[in-house]
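J.: give me a model of this one.
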Amino acid sequence: MKKYNIKTIAYIALAGLSLSSCEDYLNRPTEDGYDTSSYYSTDDQCRAGVNYLYNSPWYDFQRGFIKVGEIMSGNYQQGNSAYLTFTLDGSDQYLSSMSASLWAVNTHCMTVYSNLKASVGPSQEVKNACMGEALTWKAFAYFYMARTYGAVPIIHEPLEIINSKSSTSLHKAKISVVYDYIIMTLEKAIELLPEHDVTGKGRIDKYCAKALLAKVYLTKAGFSEENTTYNSGSYSYITCTPHQRNAEDLAKAADLALDVIEHSGRHLLPVYSDLFRGHNNVNEECLISWAWTVNGDWTCQNSLQSDLSPAGFSEFGDNWGQWAGISADLIEAFGENPLSKNRQNVDDRRKATMMMAGDTYDYFYMDEGGLDILQLVYQGYAKHKGQGSWDATSGAYPVKHLVGSVADHEAEGIGVPKRDMYYGNYTHLLRLADVYLIYCEAAMGNNKSSSDPKVLEYFYQVRHRSVKGYQYPTSISWEDVWKERRLELAMEGDRWYDYVRRYYYDPQGAINEIKAQKRNTYAGLDKLYKEYYESKYSAWNYDPSSMYYDTNTPAPNVTDRSFTIPMSSVDISYNPLLMEEPEDYDLSTLSF
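T.: Below is the predicted model of the structure:
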């Protein structure tokens, strides 16, 4: 993956927006570069000039998206990964790529925004819409940075920083100020964006930005500068102490979420698994997505299938996920057991999230009559040679982020990949179901439960869609919403950030829950599953003496410092001030 750092990100934008040749998404033109001073002169050029913000600058964040969002949170098990064991340091290559990608997004968004603002020719309506899209993506990048690194510099005008050669003297802003900056950015985006996406192609509209702002307020509600200590030195991190969440921020989160739910005209899709199929790349439930394409240049495509799927899953030999898998803890949260051949399948989200022994899928390998995961592993298909052994010793392989074979791409209508690490399924970052659960939690406030009719209704809609026989509740607890968020959004890069926002106000609760997770592996699964497959699914020779969950591996050493991920060593070597305590920042000096 490409590498940038805080020193070089602005030069990318100066080089003719060279990342902007992802041509399929929203009719992106094929030019690799253009003169930005004259390009934004028509409505079509404005829209095309924003398109690449939906994919290319985010490309190097994809691995961090899983490693931080899912491995650290205990949803995904990957050997002795530093993200799993909380031994991560700033030299990690994926951490460096993640940091570079997020700073690149900020630079590109502000460069595009400034060019659009200065443009002459396009209609004001389209010009405003495109500027609003750029600001929403900028805010999203900062939202990831604040929840990942804590205090970070506010780089409002990246080109000014480069031109003034002041990038080595940037101080971090306090976390509360960074959240205020995100809110300020989103409020401007909301002011500019249209009520609805008139293109019908999944562009960000006013309600998408409001949904993101609701999530920001829910997160900010738990953070308090008064209850936070900034620790500097070789590892800069924060320590939080318990306190009540800010009622005003919770109320704002609830109001914004309810506005999206009741006035956006959007609804939950009836079938959960349909959310992640290529033909539904654009759908009414998914509010903000990375829009990948197989027909653009490098960095325009989705590469997550390569990292997550087992050997042989695609035709390109680019599948490296067989030695990892869905965690035992998440499997158990769905009520399943890898040592049993019987699947409860009470929750439709389970099978749409993970593949377990005995599972079949009609939307993978459509030209082969569907996928049987054990057949792929032990026998293979005409175009897909499996690895010959079940290597996901946690008990399950992921399903989300997979689109399947070339034939599946064709059947889904999302292009034809011609090489490895090139897939066209979108990555959904913010969904309406998330907004429903944001409303439930925010409206509950600092109470432990709620019987408010609207809270019950929106919780019911999320859970009832997927859980067979779920009855309308008379009351729900905070714990109900907390667990529902995990099951609904598992493997969508979000769970770790739930723990971060919980750590802000309930640090010991966040620490204790992670320490208690089942983050280890099983012994004997390959033998058990191979005999089961070879017997044509009749013999289940379970031997508890050789087939068991490993209880010997110690719990991860989760401490206060675990909730602030170290900054990239590349960034720190360039600007050592990033290791110092953050400073106040006067946002009133900034404007869009």
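J.: just the element for the closest residue to Tyr113 other than its chain neighbours, please.
T.: Closest residue in space to Tyr113, ignoring its immediate chain neighbours: Ala134 at 4.3 Å, by CB to CB, 6 or more residues apart in numbering. Backbone N, C-alpha and C define where each C-beta goes, glycine included. Secondary structure from DSSP states H and E places Ala134 in helix 124-149.
J.: what number of residues are in the vicinity of Ser234?
T.: 9 (other CB atoms under 10 Å).
J.: what's the helix or strand for it?
T.: Using DSSP H and E, Ser234 falls within no helix or strand.
J.: who touches the closest residue to it other than its chain neighbours in this structure?
T.: Spatial nearest neighbour of Ser234, excluding adjacent residues (CB to CB, 6+ apart): Met579 at 7.6 Å. By CB atoms under 8 Å, 6 or more residues apart in numbering, Met579 lies in contact with Ser232, Gly233, Ser234, Ser236, Met567, Ile572.
J.: please look at the last one and Ser91 and confirm they touch.
T.: Pointing back at Ile572 there. No - counting by CB atoms under 8 Å, Ile572 does not reach Ser91; the two are 10.2 Å apart.
J.: between these two, which has more neighbouring residues?
T.: Ile572 (18 against 12).
J.: any idea how far Ala214 lies from Asp255?
T.: Distance of Ala214 to Asp255, given as CB to CB, to the nearest Å: 8 Å.
J.: looking at the two, which is more packed in?
T.: The neighbour comparison of Ala214 against Asp255 (other CB under 10 Å) goes to Ala214, with 27 against 15.
J.: what about Trp482, how many neighbours?
T.: The burial count assigned to Trp482 is 15, neighbours taken as other CB under 10 Å.
J.: and the helix or strand hosting it, C-alpha only, in PDB?
T.: Using DSSP H and E, Trp482 maps to helix 478-489. Output of helix 478-489 as PDB, limited to C-alpha atoms (Å, rounded to 0.1, in the frame of the first residue of the first chain):
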ATOM      1  CA  TRP A 478     -28.400   0.400  28.000                       C
ATOM      2  CA  GLU A 479     -26.800  -3.000  27.800                       C
ATOM      3  CA  ASP A 480     -29.400  -4.100  25.300                       C
ATOM      4  CA  VAL A 481     -28.500  -1.200  23.000                       C
ATOM      5  CA  TRP A 482     -24.800  -1.800  23.600                       C
ATOM      6  CA  LYS A 483     -25.000  -5.400  22.600                       C
ATOM      7  CA  GLU A 484     -27.300  -4.700  19.700                       C
ATOM      8  CA  ARG A 485     -24.800  -2.200  18.200                       C
ATOM      9  CA  ARG A 486     -22.200  -5.000  18.300                       C
ATOM     10  CA  LEU A 487     -24.400  -7.600  16.500                       C
ATOM     11  CA  GLU A 488     -25.800  -5.100  14.000                       C
ATOM     12  CA  LEU A 489     -22.500  -3.400  13.000                       C
END
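J.: thinking again about what came up before, so the residue nearest to Tyr113 sits against Val112, correct?
T.: Yes - taking contacts as CB under 8 Å, Ala134 lies within contact range of Val112: 4.8 Å.
J.: helix, strand or coil for the residue nearest the centre of the chain?
T.: Nearest to the mean C-alpha position of the chain, by CA atoms, centre = their mean, lies Gly493 at 3.2 Å. Put simply, Gly493 is coil when judged by DSSP: H, G, I helix; E, B strand; the rest coil.
J.: so how far is Trp292 from the closest residue to it other than its chain neighbours?
T.: Excluding the flanking residues, the one nearest Gly493 by CB to CB, 6+ apart is Gly69, at 3.5 Å. Distance, Gly69 to Trp292, using CB to CB: 17 Å.
J.: the more surrounded of the two?
T.: Trp292 (31 against 24).
J.: and the residue nearest to that one when sequence neighbours are not counted, what are its bridge partners?
T.: Sequence neighbours aside, Asn302 is the residue nearest to Trp292 in space, at 3.8 Å (criterion: CB to CB, 6+ apart). Listed beta-bridge partners, Asn302: Tyr423 (assigned using DSSP bridges).
J.: how many residues are close by Asn302?
T.: Taking other CB under 10 Å as the criterion, the count of residues near Asn302 is 27.
J.: between Ala134 and Val112, which contacts overlap?
T.: Val50, Leu53.
J.: before we move on, the earlier item: my guess is the residue nearest to Trp292 meets Pro417, correct?
T.: No - judged on CB under 8 Å, Asn302 makes no contact with Pro417 at a distance of 9.6 Å.
J.: show me whatever sits in contact with both of those two.
T.: Tyr423, Gly424.
J.: need the contact list for Ala411.
T.: Neighbouring residues of Ala411 by CB under 8 Å, 6+ apart: Met366, Asp367.
J.: again, only using 7 Å
T.: Ala411 makes contact with Met366 under the criterion CB atoms under 7 Å, 6 or more residues apart in numbering.
J.: how about the one 5 residues further on?
T.: Counting by CB under 7 Å, 6+ apart, Val416 makes contact with Val294, Val406, His409, Glu410.
J.: pLDDT score for Ser38?
T.: Listed pLDDT for Ser38 reads 68.
J.: same deal with Ile6?
T.: Ile6 is assigned a pLDDT of 41 by the prediction.
J.: what do you get for Asp205?
T.: 98.
J.: the closest residue to it other than its chain neighbours and Ser97, how far apart?
T.: Sequence neighbours aside, Asp197 is the residue nearest to Asp205 in space, at 4.6 Å (criterion: CB to CB, 6+ apart). Separation of Asp197 from Ser97 (CB to CB): 31 Å.
J.: do Asp43 as well
T.: As judged by CB to CB, Asp43 and Ser97 stand 35 Å apart.
J.: pLDDT-wise, which helix or strand of this protein ranks last?
T.: Lowest mean confidence among the helices and strands of the chain (mean pLDDT, DSSP states H and E): helix 9-14, at a mean of 36.
J.: where does the protein dip in pLDDT?
T.: Counting by pLDDT under 70, the chain has low-confidence residues at 1-38.
J.: please consider this matter closed, and thank you.
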